[in-house]
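K.L.:
Build me a model from this:
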Amino acid sequence: MQLHLNTYGAYLHVKDAMFDIRRKQEDGTWASAPGVAAHKVKSIWLGPGTALSSDAVTLALRHNIDIVFLENNGQPLGRVWHSRLGSTTRIRKCQLEASLDRRAMTWTCMWLAQKLENQAGFIRDLKKHRAQHQDFLSEKIEKIDAMRTAILALDAPLLDETAAGTLHGLEGTAGRLYFETLSFVLPSGSQFNGRSSRPAKDAFNAFLNYAYGVLYARVEKSLMLAGLDPYVGFLHRDDYNYKSLVYDFIEPYRAWADKVVFTLFSGKKVNQGHTDPIAGGFSLNAEGKKLLMEAYNDYLENDAIRYRGRNRTRATILLLDAHRFAQEMLGKNADDADLEIEEI
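P.N.:
Next up, the predicted model:
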């Protein structure tokens, strides 16, 4: 489970060797939630205005629990974790080499093609129950599939500026078609005008930005556990203090966040009380974050799907894929690697 503190004034400390969450009430007294045993916790997420004790940090470190500090829009600002590498440093050396040869192009095209396949697949699912929009949805699917085919057809020997520009263009075009489609089929009060961030221009994007931010933190952790360097990417690369590999590797998994947010809005679970107006846009408030994270964590941690012949949660699939990628960086066959890992 994840401990997600997003209520202003919430305080995490240790009591009876367990995590204890307290919040000061209006009458000045402290209310505590039931204690949580450390072995049940996978991550601790701390939003603005929350706090924790040094004992809580120590207990988390001893149980390999990472503590992630989130900005108000869900973006990971930093994390506290143990200092041990997830695996051999040779993986990172191979990763650097791969970023400079044909493998960078191969992996980037694969990730982006999978992202577009997931987008088209989501629209196909929407099409099953929307007979009135069949022609519109079919057209969008066809166009996104064409972008995916174009990505897979690229045959550049290196991921240089020209190849990167082509990939960004194809991905961007597909993204505009995709989000235009999601907005079109939503109830009239929930429709939005394309993607927006920093700030979100509407409630849908506020929810989606927060969901992506949490997913960034999950991807970063999975990459580090696999022994990879989050800063050495392929398509997103070489910017100062920029976790390029996180932004590369996350692409196929963005649809997970899309589906959770879309389901909340299409099911009319979201109302005006879940966001607050800010300068130029909207931000999720505590109630909105609670609504999103309950559905999101359940989708990632409890809802198992078929993966390589076994039922796996999406959180585990993310970690398995990171390990498979690391094995291939070493030149090993990931199918032969020992990937029997515990969900973390």
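
K.L.:
And the helices in the stretch 51-200 of the chain, which stretches?
P.N.:
Listed from the start of the chain, the stretch 51-200 of the chain has helices (DSSP state H, counting those that start in this stretch) covering 54-62, 90-98, 102-127, 134-153, 161-185.

K.L.:
Please name whichever of these is nearest to residue 194.
P.N.:
Among the helices of the stretch 51-200 of the chain, helix 161-185 comes nearest to residue 194, with 5.8 Å by CB to CB. Quick note: C-beta positions are derived from backbone N, CA and C, even for glycine.

K.L.:
helices or strands up against whichever helix or strand comes after that closest one?
P.N.:
Using DSSP states H and E, the helix or strand that directly follows helix 161-185 along the chain is helix 203-225. For helix 203-225, the helices and strands in contact under the criterion 3 or more CB pairs under 8 Å, 6 or more residues apart in numbering; DSSP states H and E are strand 43-46, strand 66-70, strand 76-80, helix 244-249, helix 254-266, strand 281-284, helix 286-301, helix 314-329.

K.L.:
Please repeat the previous calculation with a cut-off of 6 Å.
P.N.:
Of the remaining helices and strands, those touching helix 203-225 by 3 or more CB pairs under 6 Å, 6 or more residues apart in numbering; DSSP states H and E are helix 244-249, helix 254-266, strand 281-284, helix 314-329.

K.L.:
ok, residues contacting it?
P.N.:
66, 68, 73-76, 86, 192, 196-197, 200, 230, 246, 249-250, 257, 261, 265, 275, 282-284, 292, 318-319, 322 (CB atoms under 6 Å, 6 or more residues apart in numbering).

K.L.:
domains of the chain?
P.N.:
2-70, 89-100+193-344, 107-185 (automatic domain parsing).

K.L.:
Export stretch 125-140 to PDB, keeping only CA atoms.
P.N.:
Taking C-alpha atoms only, stretch 125-140 is exported to PDB below (Å, rounded to 0.1, in the frame of the first residue of the first chain):
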ATOM      1  CA  ASP A 125     -12.800   0.300 -26.300                       C
ATOM      2  CA  LEU A 126     -14.700   3.500 -26.200                       C
ATOM      3  CA  LYS A 127     -16.100   2.700 -29.700                       C
ATOM      4  CA  LYS A 128     -17.800  -0.500 -28.400                       C
ATOM      5  CA  HIS A 129     -20.300   1.400 -26.400                       C
ATOM      6  CA  ARG A 130     -20.800   4.500 -28.500                       C
ATOM      7  CA  ALA A 131     -22.600   3.500 -31.700                       C
ATOM      8  CA  GLN A 132     -23.500   7.200 -32.300                       C
ATOM      9  CA  HIS A 133     -19.900   8.100 -32.700                       C
ATOM     10  CA  GLN A 134     -18.600   5.100 -34.800                       C
ATOM     11  CA  ASP A 135     -17.500   7.100 -37.800                       C
ATOM     12  CA  PHE A 136     -15.700   9.800 -35.800                       C
ATOM     13  CA  LEU A 137     -13.900   7.300 -33.600                       C
ATOM     14  CA  SER A 138     -12.900   5.000 -36.500                       C
ATOM     15  CA  GLU A 139     -11.300   8.000 -38.200                       C
ATOM     16  CA  LYS A 140      -9.300   8.900 -35.200                       C
END
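
K.L.:
hang on, the earlier thing: looking at the helices and strands packed on helix 203-225, which is nearest to residue 296?
P.N.:
helix 254-266 (5.0 Å).

K.L.:
so what's residue 3 closest to, chain neighbours aside?
P.N.:
Leaving aside its chain neighbours, residue 3 sits nearest to residue 44 (4.7 Å; criterion: CB to CB, 6 or more residues apart in numbering).

K.L.:
separation between that neighbour and residue 81?
P.N.:
11 Å (CB to CB, to the nearest Å).

K.L.:
So which of the two has more stuff around it?
P.N.:
Shown here are residue 44 and residue 81; by other CB atoms under 10 Å, residue 44 has more neighbours (24 against 16).

K.L.:
Which strand residues bridge the more buried one?
P.N.:
Per DSSP bridges, the residues bridged to residue 44 are residue 3, residue 67.

K.L.:
With mean pLDDT added, can I get the domains of the chain in JSON lines?
P.N.:
Below are the domains of the chain laid out as JSON lines (pLDDT from 0 to 100):
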{"stretch": "domain 2-70", "mean pLDDT": "86"}
{"stretch": "domain 89-100+193-344", "mean pLDDT": "90"}
{"stretch": "domain 107-185", "mean pLDDT": "96"}
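
K.L.:
okay if I get the helices of the stretch 51-200 of the chain as TSV plus distance to residue 40 and mean neighbour count?
P.N.:
Output for these, formatted as TSV (distance: least, CB to CB, whole Å; neighbours: other CB atoms under 10 Å):
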stretch	distance to residue 40	mean neighbour count
helix 54-62	12	16
helix 90-98	30	16
helix 102-127	31	19
helix 134-153	40	16
helix 161-185	35	17
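
K.L.:
And those helices: which comes nearest residue 309?
P.N.:
Short answer: helix 102-127, nearest of the helices of the stretch 51-200 of the chain by CB to CB, at 19.0 Å.

K.L.:
now the closest one, how far from the chain's geometric center?
P.N.:
Once both centres are worked out by CA atoms, centre = their mean, to the nearest Å, helix 102-127 turns out to sit 15 Å from its chain's centre.
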